[in-house]
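Trainee: Let me see the structure of the following:
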Amino acid sequence: QVQLLESGGGLVQAGGSLRLSCAASTRTFSDYAMGWFRQAAGQEREFVARITWSGSSSDYADSVKGRFTISRDDAKNTVYLQMNSLKVEDTAVYYCAAAFGLGNQYQSDYEFWGQGTQVTVSS
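Mentor: Numbers count the residues shown, from 1 in each chain. Take a look at the predicted model:
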């Protein structure tokens, strides 16, 4: 079992930045691909970004490409999501997720999920 704990959410003005962190409770963190997803009020949860277990490759939703950056620090068992140039439409609960081995942009790839952290972007 892998427990994931997100942090770093909050209220920010449009154009601002936030960095989300997700700490994992596993000794084999480097075996997991990690993803970030988000769910806005009244909408389905959607893919945001993912990074491979090796950290050598990452993918992004078109809506965040060029503004968000996913990274990982295996020594700290932590994955990050740097969010720049935030827009009102980025407002959502952000979830991190872990997939043993290969994980892509599909929620079904991920076995473990955090509780989420709220990001609110004001105009």
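Trainee: center of the protein - which residue?
Mentor: Among the residues of the chain, the one closest to the centroid is Trp36, at 2.4 Å (Cα atoms, centre = their mean).
Trainee: Show me what it is bridged to.
Mentor: Ala49, Cys96 (DSSP bridges).
Trainee: Now for it: which residues touch it?
Mentor: Going by Cβ atoms under 8 Å, 6 or more residues apart in numbering, Trp36 touches Leu20, Cys22, Val48, Ala49, Arg50, Ile70, Val79, Leu81, Tyr94, Tyr95, Cys96, Ala97. All C-beta spots, glycine's among them, are computed from the backbone N, C-alpha and C.
Trainee: can I get the residues you listed in a markdown table with neighbour count?
Mentor: Shown next, in a markdown table, are those (neighbours: other Cβ atoms under 10 Å):
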| residue | neighbour count |
| --- | --- |
| Leu20 | 24 |
| Cys22 | 25 |
| Val48 | 25 |
| Ala49 | 25 |
| Arg50 | 25 |
| Ile70 | 22 |
| Val79 | 30 |
| Leu81 | 27 |
| Tyr94 | 24 |
| Tyr95 | 23 |
| Cys96 | 30 |
| Ala97 | 25 |
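Trainee: Looking at those, which one is closest to Tyr106?
Mentor: Nearest to Tyr106 among the contacts of Trp36, counting by Cβ to Cβ, is Arg50 at 9.6 Å.
Trainee: count of neighbours near the closest residue to the closest one other than its chain neighbours?
Mentor: Leaving aside its chain neighbours, Arg50 sits nearest to Gly35 (3.9 Å; criterion: Cβ to Cβ, 6 or more residues apart in numbering). If you count neighbours by other Cβ atoms under 10 Å, Gly35 ends up with 29.
Trainee: how far away is the residue nearest to the centre of the chain from Val119?
Mentor: 11 Å (Cβ to Cβ, to the nearest Å).
Trainee: shared neighbours of the two, anything?
Mentor: Taking Cβ under 8 Å, 6+ apart as the contact rule, Trp36 and Val119 both touch Leu20, Tyr94.
Trainee: possible to save the contacts of Trp36 as TSV with distance to Ala41 and pLDDT?
Mentor: Listed next are the contacts of Trp36 as TSV, based on distance: Cβ to Cβ, whole Å; pLDDT from 0 to 100:
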residue	distance to Ala41	pLDDT
Leu20	18	98
Cys22	22	98
Val48	16	98
Ala49	21	98
Arg50	23	98
Ile70	24	98
Val79	25	98
Leu81	20	98
Tyr94	13	98
Tyr95	14	98
Cys96	19	98
Ala97	20	98
